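[1] next input, structure requested:
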Amino acid sequence: MTETYYTQGSTAERWTRAGLFFEAKDYAAAARVLGSLVEEVPEQVAPRLLLARAYYHSAQLARAEAELRRVIDLDPVEHYARLMLGRTLERQGRDEEAAGQLRLAEALGASLT
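    Numbering: from 1, shown residues only. Alright, predicted model coming up:
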């Protein structure tokens, strides 16, 4: 596939394409599509959160962390982003930082189980 496949189409078409890649567990391809979406609509939380999830599932933990921190900057009470950030930090062996994020996530209504 050419690189233009990941960036062509309307915002809605790319959002749908990213979702299809994500559902098919092709997280790297989903991230490629979502990267262009995030550049186009940097203020929107949903594309960033799905991009962070794609990075997390493809073991791009530093990238996942960066996107999750941007999501939290945009929406400090986004409990799922806090939960994911906690899990991402845990996978990086940063348990103390993770614990703080996980406590915040739980306080905001996230289920930790």
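
[2] so how far is residue 73 from residue 39?
    As judged by CB to CB, to the nearest Å, residue 39 and residue 73 stand 16 Å apart. Every residue, glycine included, has its C-beta placed from N, CA and C.

[3] let me fix that: residue 86
    Distance, residue 86 to residue 73, using CB to CB: 16 Å.

[4] compare those two (neighbour count), which wins?
    Applying other CB atoms under 10 Å to residue 86 and residue 73 shows that residue 86 carries more neighbours, namely 25 against 11.

[5] helices of this structure, start to end?
    Ranges of helices in the chain, per DSSP state H, are 4-7, 11-23, 27-40, 45-57, 61-74, 79-91, 95-107.

[6] by how many degrees do the second one and helix 45-57 diverge?
    Direction vectors for helix 11-23 and helix 45-57, defined by axes from the mean of the first three to the mean of the last three CA atoms, to 10 degrees, enclose an angle of 30 degrees.

[7] now do the buried residues in helix 11-23.
    Judged by neighbour count (16 or more other CB atoms under 10 Å), helix 11-23 contains these buried residues: 14-15, 17-18, 21-22.

[8] redo those residues as TSV? Include pLDDT.
    As requested, those are exported to TSV (pLDDT from 0 to 100):
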residue	pLDDT
14	93
15	94
17	95
18	96
21	97
22	97
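
[9] returning to what we had before: by mean pLDDT, show me the worst of the helices of the chain.
    When these are ranked by mean pLDDT, helix 4-7 comes last with a mean of 78.
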